[in-house]
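A.B. asks: just the structure for this:
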Amino acid sequence: MLTIIIAVVIIILGTIGIVWLIDKFVPKKVKPLINIALWVLIGFLAYSTFMSVYGEIQFNQLKKKRYAAVIEKLKDIRDAELAHKTVTGKFTDNFDNLVKFIDTAQFTITQRRDSSVIDEELTKRFGGVEMRKDIVIIDTLDFVPVKDSLFGADTRYKTMMNLPVGKPGAKFELKADFLDEIPVFEASVLKDVILFDQDPNLVAKENEVISVDDVNGPALKVGSMSEINTNGNWPKNYSNE
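C.D. replies: Numbers count the residues shown, from 1 in each chain. Predicted coordinates:
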């Protein structure tokens, strides 16, 4: 972008120089027409320079607004998946199953307490002298619906698979599996889908961005299929977390 701006500025300055030369050396009868044409060219180049800068500013503002909406959805998906793992021991790659789980599943509220009991084996070994061993007792106190814990009265989880902005009708991609016997999941959407109606050159540039203050790579995602990770790939400035 900076290179383009510099090039346009050089062209504008060069054009102004040409206008000055024409004013000095071209016959008076021809000067008005040439001057008008050159000043029109200068105006066009100035406008093009402004729009090249302003267009990218508008793109970045729109991008951040759309990314923020997508990230909120990804956080809901992550919360639902983590609840699914807590209750079932694994993640799911099916949104319908995930929604059904939220509608029906319950968290078990437990309490751990220390206690002791007679160790029969040691008691026999020591000729009837009572020997005791420490144990941990887990008491079930209550059951709480997953839906109430995560979303309260809000039913937004029923549409969490739908992309809230970008290409109409688009959905998140959801994967789940085991990595070294540890459950993993990943929910993602391509930037091309989020920014489907924007300047292709700016979108291509966005797909290659590498920055600590931006979303690196061609997609927004949470979780990972290649490592034990349930974080999102967005920086802190995109989220309230």
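A.B. asks: so residue 175, which of the three states?
C.D. replies: On the three-state scheme (DSSP: H, G, I helix; E, B strand; the rest coil), residue 175 is labelled strand.
A.B. asks: the residue lying farthest from the centre of the chain: what secondary structure?
C.D. replies: In the chain, the residue that sits farthest from the middle, by Cα atoms, centre = their mean, is residue 127; the gap is 66.4 Å. What three-state DSSP gives for residue 127 is coil.
A.B. asks: quick one: the helices in the chain?
C.D. replies: Secondary structure of the chain (DSSP state H): helices located at 2-25, 31-88, 95-104, 120-125, 146-151, 191-194, 200-207.
A.B. asks: which elements pack onto the longest one?
C.D. replies: Yep, that's helix 31-88 we're talking about. In this structure, helix 31-88 makes packing contacts with helix 2-25, helix 95-104, strand 106-118, helix 146-151, strand 182-190, helix 191-194, helix 200-207, strand 219-223, judged by 3 or more Cβ pairs under 8 Å, 6 or more residues apart in numbering; DSSP states H and E. (C-beta placed from N, C-alpha, C; glycine too.)
A.B. asks: list the buried ones in the second one?
C.D. replies: Looking back up the chat, that one is helix 95-104. Using 16 or more other Cβ atoms under 10 Å as the test for burial, helix 95-104 gives 95, 98, 99, 101, 102.
A.B. asks: what does stretch 167-177 rub up against?
C.D. replies: Here stretch 167-177 makes contact (Cβ atoms under 8 Å, 6 or more residues apart in numbering) with 73-74, 77, 81, 90-95, 98, 160-163, 183-189, 193-194, 196-197, 225.
A.B. asks: er, stretch 214-230 actually
C.D. replies: In this structure, residues lying in contact with stretch 214-230 by Cβ under 8 Å, 6+ apart are 67, 70-71, 74-75, 77-78, 81-82, 175, 177, 179, 182, 184-192, 194, 207, 209-210, 231-235, 238.
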